[in-house]
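S.K.: Fold the following, please.
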Amino acid sequence: MEARPEHLLKRARERFDAGDPHGAIHLLRELTASGEAFADAYNLLGLSHAMIGQHEAALEQFDLALNLNPKYVDALLNRAVVLNELGRPAEAAEAFARAQELGATDHTGFAAPVASRLANMHADLAEAYLEAGGRAQALQQLEAAVALRPTFADLRYRLARLLLDGGQIERARAELETILGLRPRFTQARAALGMACYLLKDLAAARTHWEQCRVEAPDDPKVGAYLALLARVGG
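M.R.: Sure, this is the predicted structure:
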């Protein structure tokens, strides 16, 4: 069974914290190659490259993280540090200034980096509840995470999957549609949205989403299976 993105990221963090950046890079490359990586993964990959002196590779990863989340304060700070080490002080100062601006208190009542960390902590706690069989508690934690960081597509996707698996199909569909508004090329979310539409008997919408998935990921066997399922019911 393939490891879920959050499990790969967790293992990579453990390798990084243990002083093994090469091990972290190996796991993170697997994650980014899957197309399911989020800003956190690229930021950690950048830190891992920086730890072994690969500064240009680190900058590339921080930029990818910021492309996904332009308000990612940690990625901006990490980018500034690496730019300074590369002897590019003007660019470093610009990144530091942007991070300071974003670090102000936001709608949550917390400084932006703090709110982001709290959201991720809620998501980690949700994973722990799920592993213990506490689906209802996991749902509460993911709802709290999304309330803190509504634009974090990875958190919304985890919430949507839990809603879908729990039979709350209408809510799952709404979350997945929001995600695709944030990240239109998030193929896994589109595939899940197709399933939500299928379960709601909106077969035309299911076909539209799964056909788009086939364009975006032509080698994904799950997409072919979904379309075959649709054909069997005349959709």
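
S.K.: pLDDT value on residue 30, please?
M.R.: Looking at residue 30, its pLDDT stands at 89.

S.K.: Could you tell me whether it really is in a helix?
M.R.: Yes. Per DSSP: H, G, I helix; E, B strand; the rest coil, residue 30 lies within a helix segment.

S.K.: which secondary structure element contains the closest residue to it other than its chain neighbours?
M.R.: In space, and not counting its chain neighbours, residue 30 is closest to residue 8: 6.2 Å by C-beta to C-beta, 6 or more residues apart in numbering. Any C-beta I mention is one placed from the backbone N, CA and C, and that applies to glycine too. Taking DSSP states H and E as the criterion, residue 8 maps to helix 5-17.

S.K.: Keeping just the C-alphas, turn that helix into CSV.
M.R.: Listed next in CSV are the C-alpha coordinates belonging to helix 5-17 (Å, rounded to 0.1, in the frame of the first residue of the first chain):
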residue,chain,number,x,y,z
PRO,A,5,1.2,12.1,1.7
GLU,A,6,0.9,13.1,5.4
HIS,A,7,2.7,9.9,6.4
LEU,A,8,5.5,10.5,4.0
LEU,A,9,5.8,14.1,5.3
LYS,A,10,5.8,12.9,8.9
ARG,A,11,8.6,10.4,8.2
ALA,A,12,10.6,13.0,6.4
ARG,A,13,10.3,15.4,9.4
GLU,A,14,11.5,12.6,11.6
ARG,A,15,14.5,12.0,9.4
PHE,A,16,15.3,15.7,9.3
ASP,A,17,15.0,16.1,13.0
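
S.K.: Give me the pLDDT for the residue nearest to residue 224 when sequence neighbours are not counted.
M.R.: What sits nearest to residue 224 in space, not counting adjacent residues and going by C-beta to C-beta, 6+ apart, is residue 214, at 7.4 Å. Predicted confidence (pLDDT) for residue 214: 93.

S.K.: What are the buried residues along the helix or strand containing residue 214?
M.R.: Taking DSSP H and E as the criterion, residue 214 maps to helix 203-216. By 16 or more other C-beta atoms under 10 Å, the buried positions in helix 203-216 come out as 205, 206, 207, 209, 210, 212, 213, 214, 216.

S.K.: do the same with stretch 144-154
M.R.: Buried residues in stretch 144-154, counted by 16+ other C-beta under 10 Å: 144, 145, 146, 148, 149, 152, 153, 154.

S.K.: The fourth one against residue 119, yeah?
M.R.: It refers to residue 148. Yes. Taking contacts as C-beta atoms under 8 Å, residue 148 lies within contact range of residue 119: 4.0 Å.
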